[in-house]
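Q: Turn this into a model:
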Amino acid sequence: MRDLAARPNVVVKASGLLTEAGPDWRERPVHRYIRETVEHFGPDRTMWGSDWPVSALVADHATVLATTQAALADLSPTERDTVFAGTATRTYLVEHPSQT
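A: Numbers count the residues shown, from 1 in each chain. Next up is the predicted model:
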């Protein structure tokens, strides 16, 4: 991951972590993986993906979102907004709802 993060043109999507961790995801260090991703790439190059509907195999959407929000609780509101919307908006060249 460090090698990819060292390339300024690479953006990462943190997605599918609960699904990949499996049914006992609450016992696994999912927060650590989300945090490590943001630490390496920074909020400006990290985007969140819900992995829905696949994530529904292990948790509902609200739980997936809340788990990620808890993992990123120490980020500033601007940094969290960047992970949850800003990076994807920039990367995919779409309008963010706050821009309309």
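Q: Mean pLDDT per helix and strand in the protein: which one sits at the bottom?
A: Ranked by mean pLDDT, DSSP states H and E, the weakest helix or strand in the chain is helix 17-21, scoring a mean of 85.
Q: Does residue 13 belong to a helix, a strand or coil?
A: Classification of residue 13 by DSSP: H, G, I helix; E, B strand; the rest coil places it in strand.
Q: Residues in a beta bridge with the residue nearest the centre of the chain, which ones?
A: The chain has residue 48 as the residue nearest its centroid, 2.8 Å off, counting by Cα atoms, centre = their mean. Residue 48 has these beta-bridge partners by DSSP bridges: residue 14.
Q: Would you map the helices across this protein?
A: 2-5, 17-21, 30-41, 61-71, 77-81, 87-92 (DSSP state H).
Q: Show me what the shortest one packs onto, helices and strands only.
A: Okay, so that is helix 2-5. helix 30-41 (3 or more Cβ pairs under 8 Å, 6 or more residues apart in numbering; DSSP states H and E). Yep, even glycine has a C-beta here, placed from its N, CA and C like the rest.
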